[in-house]
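Undergrad: predicted model, plus sequence, below.
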Amino acid sequence: MNIVFMGTPAFAVPSLERLAADGHRIAAVFTQPDKPKGRGHKLLPPPVKVCAQQLGAPVYQPETLRDGQAAALLRELAPELIVVAAYGKLLPEEILALPPLGCINVHSSLLPRYRGAAPIHWAILNGERETGVSIMYMAKELDAGDVILQRATPIGDQEDAQALTARLAELGAAAVSEAAAALAAGKAERTPQDESQVTYAPLLDKSLSLVDWSRSAHEISCQIRGLQPWPCATTDAITGDYIKLFAAVETGEATGAYPGVIVRAGKAGIDFACGDGRVLRVTELQAPGSRRMTADAYLRGNPLG
């Protein structure tokens, strides 16, 4: 099948690789423009561009899809199917209507739950026990198209957003491979989403970062795991400065200490009292101007009390 692939971050790479490995012709890859990164502001290509170049596929990085030029190019490429995975741009209706088999999207949630930009993070933030991927037909409304298939997976008790993203990327690749085969054979299902069950996953921002220790140990654990790699959970309860928190363990220990009080600090980590009377042990953190490290390493250079 002749496919145009659209994607940008590392999440999309396994889907592109899988479609190529399945023998589909990748007519072109659309991805976001290179962006400056680091202190030197060197332009770095998105992961999908690097993968496409390794596969020998033509790469296009338009600033917009709404000036008619991208649509004209796509008409020349004449894809049977457009596959989108975390591209970062909305497709205008003239592009959605172009390929005969439609435009499909690899979305990292079990739709209609968690439509939007950050479904993996919000699933963890909200304490979900299960998530997954949905392969859907794209529609004018964001993430509202009919579903072709879904694959579910449990969320690990200690799994953070980065680890879950990597797992869902592989699950999405397998799912889009299956969906593409069904479309080629004319056997793809089309299940409308239940609008009464819709929830949203908006972009993250730094207002979510500061830990409120009056919340339960589990809720704070979900906050720490769900806000990685950005904006990260933070606390000023250790030194008064805002320290980033990267990993924590629910010890199950009961405490009568006031929420936010450090119960103990040692090699195992820094134990905080939480609002449900339970202890949460912070095991990895990053102080301002420093690197990420274990709590034990931090305490050796910054003893408390």
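TA: Yes, it's here. These numbers come from a predicted model, not from an experiment.
Undergrad: run the chain-centre distance for the top strand by length along the chain.
TA: Longest strand of the chain, by residue count under DSSP state E: strand 243-254. When distances are taken as C-alpha atoms, centre = their mean, to the nearest Å, strand 243-254 is centred 22 Å away from the chain's centroid.
Undergrad: now that strand: mean pLDDT?
TA: On average, the pLDDT along strand 243-254 is 98.
Undergrad: any idea how far apart the tips of stretch 56-65 sit?
TA: 23 Å (C-alpha to C-alpha, to the nearest Å).
Undergrad: if we can go back for a sec, counting contacts, what elements does the longest strand of the chain pack onto?
TA: For strand 243-254, the contact count by 3 or more C-beta pairs under 8 Å, 6 or more residues apart in numbering; DSSP states H and E identifies helix 217-226, strand 233-235, strand 269-273, strand 278-286 as packing neighbours. For glycine as for every other residue, the C-beta is placed from the backbone atoms N, C-alpha and C.
Undergrad: so where do the helices sit in the stretch 101-250 of the chain?
TA: Taking DSSP state H, counting those that start in this stretch, the helices of the stretch 101-250 of the chain run over residues 119-125, 161-184, 217-226.
Undergrad: before we move on, back to that, buried sites along the longest strand of the chain?
TA: Going by neighbour count (16 or more other C-beta atoms under 10 Å), the buried part of strand 243-254 is 243-251.
Undergrad: beyond it, next helix or strand please.
TA: Going down the chain from strand 243-254, the next helix or strand is strand 262-266, by DSSP states H and E.
Undergrad: pairing partners for that next one, with directions?
TA: Take DSSP bridges as the rule and strand 262-266 pairs in its sheet with strand 269-273 (antiparallel).
Undergrad: only alpha carbons, please: show the strand it pairs with as PDB.
TA: This file holds the C-alpha atoms of strand 269-273, laid out as PDB (Å, rounded to 0.1, in the frame of the first residue of the first chain):
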ATOM      1  CA  GLY A 269      15.100   8.100  50.600                       C
ATOM      2  CA  ILE A 270      13.300  11.100  52.100                       C
ATOM      3  CA  ASP A 271      10.000  10.100  53.800                       C
ATOM      4  CA  PHE A 272       7.200  12.700  53.800                       C
ATOM      5  CA  ALA A 273       3.900  12.600  55.700                       C
END
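Undergrad: any idea how far it is from the middle of the chain?
TA: Counting by C-alpha atoms, centre = their mean, strand 269-273 is centred 28 Å from the centre of its parent chain.
Undergrad: kindly provide the whole-number mean pLDDT of it.
TA: 98.
Undergrad: now do the same contact list for the spatially closest residue to His218 that is not a sequence neighbour.
TA: The shortest distance from His218 to any residue other than its chain neighbours is 6.1 Å, reached at Glu250 (C-beta to C-beta, 6 or more residues apart in numbering). By C-beta atoms under 8 Å, 6 or more residues apart in numbering, the contact set of Glu250 is 217-218, 221, 278-281.
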